[in-house]
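A.B. asks: build me a model from this:
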Amino acid sequence: MPKNLIIVESPAKAKTISYFLDKTSYEVVACMGHLRDLPKGTLGIDIENNFEPKYIIPKTKTKIVTNLKKIAKNKDNIILATDEDREGEAIAWHLTHILNLNVNNTKRIVFHEITETAIKEALKNPRTINLNLVDSQQARRVLDRLVGYKLSPFLWKKIMKGLSAGRVQTPALRLIVEREQEIANFKPQEYWEIQAEFQKNNQIFLGNLTQINNKNIEKFDLKNQQECQQITNEIQDQNVKITEISTNIINKKPLPPFTTSTLQQTSWQILRFPAKKTMIVAQHLYENGFITYMRTDSLNLSTASIQNARDYIYKTFGKDYVPEKPNYYKAKSKLAQEAHEAIRPTNPSRTIKNIEKSLNKDELKLYNLIWQRFIACQMSNAKIEKQNILTQTINTKNIYTFKSEYQKICFDGFLKILPLDIKNSGILNLKENDIYKINKVLPSQHFTEPPARYNDASLVKTLEKYGIGRPSTYATIISTLLERGYVSYNENKSFVPSDIGIKTCNILVQHFPDIADYQMTANLERELDLIAEGKKNWRQLIKNFYFPFEKNLETKYQKVQKINLIEDNKTNEICPQCGAPLIIKISRFGKFLACSKFPECKFTKSIDQETGIKCPKCKTGNIIMRKTKKGKIFYGCSNYPKCDFIINKKPLQDTCPQCHYPLIQTNKTTYKCSNKNCKYVTRTNTNI
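C.D. replies: Alright, predicted model coming up:
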């Protein structure tokens, strides 16, 4: 029997690690994530005892704990190999308490990638649990519990039951709500542009009007069609002279490798994967040894990985595509943990052609995205020749200057493997002082557009910009807002706040500015980092935050009036039980019909609510939310009874990588396929 026990989070990770170790010496098992947590239904924090957390083992975890204790009983060495972030460190720390291990000498190993070399190197260099990282994670968990459990009841009393507030979700919701307000208040402004077509013999090129009498034209200088028509009348069929031709070579540098946030952004932009789906798929790629750890804000790359990439590039594309020195990148974020690595493939020579039988469709797509970005980041710059042409009218009342821009790719460099949307129009063979005729004048009307609604990519980018949350939390923040009904996807997969979301946001911004403020949220993240570095006491951070928050909450309970969500709107429908008119009511799940004689008559009827997800069974209907006669919510196909698709839990936007049915969330860290005939299950860490 093996004398060494290695504990990781997931079965997939355990299986991959087992491949690289002697099974007579090592046994690798999964703890399935956190085995201790704060209790549900109560605060679980002893405020008077210096904010001591009251951890319990949830009932759903008791069998796992019993089995782990049984396996660990006869082992000489227990090695904790949970993920290398703060969440993983906390899981390892909880395991020492569950298994009665000495936290000061229990072996802890970490690795950026699940490969034979990395695992064996980690086993040679174990360390102890980093209690600073544990304290940082505890502080985050306690902060979020205090905000959620103290502030949510306030929302229940002042708005409606079932609402929730979160330390990180609130500023994220505020971003979406404020953007919606900007769009609603936006007033389009008209402006015009003029382009001209120049011709000499058979040669034609275009230019944009940029100056009048050597004065630059600003965006709103050409206000209307009448002004443009006056210019058109003056220059139509007139001659222009090429006054200047300049060319220069631009070195286009490759993009850096992926971090968590840039992977989520690019995955959305190219693959249309929501942030949560990206992380679920990436987790699977990591646990099966295809990519490095996917929760990181570092742009560091190991020396070995860089050399492997350079060797692959040289063999595949030739020496011109390998820069003289490796390309190095540094994260812009002050909070980046540079000890980590960027996201990259574990083996650069492993292309999608080599592994297409090992991965499903979605995994192949995401892996290829990561592989291309990594290989490209170590390739030579692309060289682009840019040509600028200035032409001026001659013999006109006013002098009109036009600018033309053309370019061609002289050397593709990293574009060989990572095509970007770069215009490759070619360079024109023109000479200065040549005379051309204005063949056509092309005025065009434009209107300023409102700012775009946030989508997965732009919201993640903005959260990172403001320092709200950490790389591992972005996907969970978005999922929480969707599941709470505060926002939904529109037809363009952009976020639109609900009525409840807007009212919840407004009351929090007005009365709890510390919770909703972007800068204060970012400052808390910096303080959590200081705890991780051993420079700040976590209990003192909680104390500084909690007591002013509690005092303000007590005041607001007394001063804030209950909000009337909507007026009762009568409908043309009649209550089938008493014959009174049905009226529209609202809950946190949205609008529903209720009898106007409530509480004498308690009849209610759901208003079908779209989830924005196509039915996976009939492919034509949409999954909508419905209620049973007893008020229980379920989800079914809009084509019922022709299609009998039905599930009891809310479907996620993410789909099963095996059968493409929607995923459903079964608990805090577990997701499974809604198809009863599919056994797909996945787990992901959360820090909210």
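
A.B. asks: how close does the residue of the chain most remote from its centre sit to Lys437?
C.D. replies: Within the chain, Asn395 marks the point farthest from the mean C-alpha position, 57.2 Å out by CA atoms, centre = their mean. For Asn395, the distance to Lys437 equals 12 Å [CB to CB, to the nearest Å]. Placement of C-beta: from N, CA and C, glycine included.

A.B. asks: what do the two both touch?
C.D. replies: 238-239 (CB atoms under 8 Å, 6 or more residues apart in numbering).

A.B. asks: the residue lying closest to Thr260 once chain neighbours are set aside: what's it in contact with?
C.D. replies: Leaving out its chain neighbours, the residue that sits closest to Thr260 by CB to CB, 6 or more residues apart in numbering is Pro471, at 3.4 Å. The contact partners of Pro471, by CB under 8 Å, 6+ apart, come to 259-261, 295-297, 464.

A.B. asks: just list the residues touching Asp293, thanks.
C.D. replies: Rather than Asp, residue 293 is Tyr. 83-85, 112-113, 286, 340-341, 343.

A.B. asks: how about Ala282, secondary structure?
C.D. replies: helix (DSSP: H, G, I helix; E, B strand; the rest coil).

A.B. asks: could I get the contacts of Pro471 as CSV with distance to Leu430, pLDDT and neighbour count?
C.D. replies: Shown next, in CSV, are the contacts of Pro471 (distance: CB to CB, whole Å; pLDDT from 0 to 100; neighbours: other CB atoms under 10 Å):
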residue, distance to Leu430, pLDDT, neighbour count
Thr259, 44, 94, 25
Thr260, 48, 93, 27
Ser261, 44, 93, 22
Arg295, 53, 90, 27
Thr296, 49, 90, 28
Asp297, 48, 89, 21
Glu464, 45, 92, 23
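
A.B. asks: out of the residues you listed, which is nearest to Asp76?
C.D. replies: Arg295 (31.8 Å; CB to CB).

A.B. asks: and the host helix or strand of Ser246, average pLDDT?
C.D. replies: Secondary-structure assignment from DSSP states H and E places Ser246 in strand 239-252. Taken as a whole, strand 239-252 has a mean pLDDT of 96.

A.B. asks: wait, is Gly426 part of a helix?
C.D. replies: No. Counting by three-state DSSP, Gly426 is not found in a helix; it is coil.

A.B. asks: now for it: which residues touch it?
C.D. replies: Counted by CB under 8 Å, 6+ apart, Gly426 has contacts 406, 408.

A.B. asks: please apply the same query to Ala594.
C.D. replies: 582-585, 603-605.

A.B. asks: swap in Tyr486?
C.D. replies: 169, 173, 497-498, 500-501, 504-505.

A.B. asks: show the buried residues in these.
C.D. replies: By neighbour count, with 16 or more other CB atoms under 10 Å, the contacts of Tyr486 hold 169, 173, 497-498, 500-501, 504-505 as buried.

A.B. asks: list just the nearest of those residues to Tyr680.
C.D. replies: Gln169 (27.5 Å).

A.B. asks: state the helix or strand in which the closest residue to that closest one other than its chain neighbours lies.
C.D. replies: Excluding its sequence neighbours, the residue lying closest to Gln169 (CB to CB, 6+ apart) is Thr480, at 5.0 Å. Secondary structure assignment for Thr480, by DSSP H and E: helix 474-483.

A.B. asks: would you indicate which residues of that helix are buried?
C.D. replies: 474-482.

A.B. asks: next one: stretch 636-644
C.D. replies: 636-639, 643.

A.B. asks: for the nearest residue to Ile109 once chain neighbours are set aside, grab the count of nearby residues.
C.D. replies: With sequence-adjacent residues excluded and distances taken as CB to CB, 6+ apart, Ile109 is closest to Ala122, at 4.0 Å. By other CB atoms under 10 Å, the residues close to Ala122 number 20.

A.B. asks: and Ala122, that one's in a strand?
C.D. replies: No. Ala122 is assigned helix when assessed by three-state DSSP, not a strand.

A.B. asks: list the contacts of it.
C.D. replies: 81, 109-111.

A.B. asks: with Thr16 instead?
C.D. replies: Thr16 neighbours (CB under 8 Å, 6+ apart): 114, 287-289.

A.B. asks: quick one: buried ones out of those?
C.D. replies: Here, 16+ other CB under 10 Å leaves 114, 287-289 buried among those.

A.B. asks: for the stretch 401-550 of the chain, what spans make up the helices?
C.D. replies: Here the stretch 401-550 of the chain has its helices, by DSSP state H, counting those that start in this stretch, at 456-466, 474-483, 499-511, 513-516, 518-532, 538-559.

A.B. asks: rewinding a little: show me the contacts for the residue farthest from the centre of the chain.
C.D. replies: Here Asn395 is in contact with 238-239 (CB under 8 Å, 6+ apart).

A.B. asks: same deal with Glu449?
C.D. replies: Applying CB under 8 Å, 6+ apart, the residues near Glu449 are Pro188.

A.B. asks: for it, what are phi and psi?
C.D. replies: Dihedral angles of Glu449 (phi, psi; degrees, to the nearest 10) stand at phi -110, psi 150.

A.B. asks: how near is it to Lys361?
C.D. replies: For Glu449, the distance to Lys361 - CB to CB - is 35 Å.

A.B. asks: what's the answer for Ala275, then?
C.D. replies: 19 Å.

A.B. asks: who's more crowded, the two?
C.D. replies: Ala275 (28 against 11).

A.B. asks: skip the chain neighbours and tell me the closest residue to that one.
C.D. replies: Ala475 (4.0 Å).

A.B. asks: next one: Asp85
C.D. replies: Arg295 (5.3 Å).

A.B. asks: hang on, that neighbour in a helix?
C.D. replies: No. Secondary structure of Arg295 (three-state DSSP): coil, not part of a helix.

A.B. asks: residues contacting it?
C.D. replies: So Arg295 contacts 83, 85, 260, 471-472, 685 (CB under 8 Å, 6+ apart).

A.B. asks: any stretches of this structure with poor pLDDT?
C.D. replies: Along the chain, segments meeting pLDDT under 70 span 332-339, 564-565, 567-569, 587-590, 606-608, 627-632, 668-669, 683-688.

A.B. asks: domain parsing for it?
C.D. replies: What the record gives for the chain is the domain set 4-129, 146-186+455-559, 196-252+383-447, 260-274+291-377, 569-683, from automatic domain parsing.

A.B. asks: distance to Gln138 added to these, as JSON lines?
C.D. replies: Formatted as JSON lines, the domains of the chain follow (distance: least, CB to CB, whole Å):
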{"stretch": "domain 4-129", "distance to Gln138": "7"}
{"stretch": "domain 146-186+455-559", "distance to Gln138": "6"}
{"stretch": "domain 196-252+383-447", "distance to Gln138": "41"}
{"stretch": "domain 260-274+291-377", "distance to Gln138": "18"}
{"stretch": "domain 569-683", "distance to Gln138": "17"}
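
A.B. asks: tell me which of those lies nearest to Ser136.
C.D. replies: domain 146-186+455-559 (3.9 Å).

A.B. asks: what sits up against the strand or helix carrying Ala304?
C.D. replies: Here Ala304, judged by DSSP H and E, is contained in helix 303-317. Outside helix 303-317, the residues within contact range by CB under 8 Å, 6+ apart are 321-322, 326, 341, 344, 347-349, 374-375, 377-379, 416-417.

A.B. asks: what does stretch 191-198 give?
C.D. replies: So stretch 191-198 is in contact with 204-209, 219-220, 222-225, 227-228, 231-232, 235, 240, 391, 402, 436-448, going by CB under 8 Å, 6+ apart.

A.B. asks: now stretch 240-253
C.D. replies: 196, 198, 327, 381-394, 400-402, 410, 413-415, 422, 427, 430-438.

A.B. asks: what does stretch 598-611 give?
C.D. replies: 573, 575-578, 580, 582, 584-585, 589-595, 622-627, 631, 635, 638, 650-651.

A.B. asks: could I get the buried ones among the contacts of Tyr486 as TSV with distance to Lys614?
C.D. replies: Listed next are the buried ones among the contacts of Tyr486 as TSV, based on distance: CB to CB, whole Å:
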residue	distance to Lys614
Gln169	27
Leu173	27
Pro497	24
Ser498	21
Ile500	25
Gly501	24
Thr504	29
Cys505	30
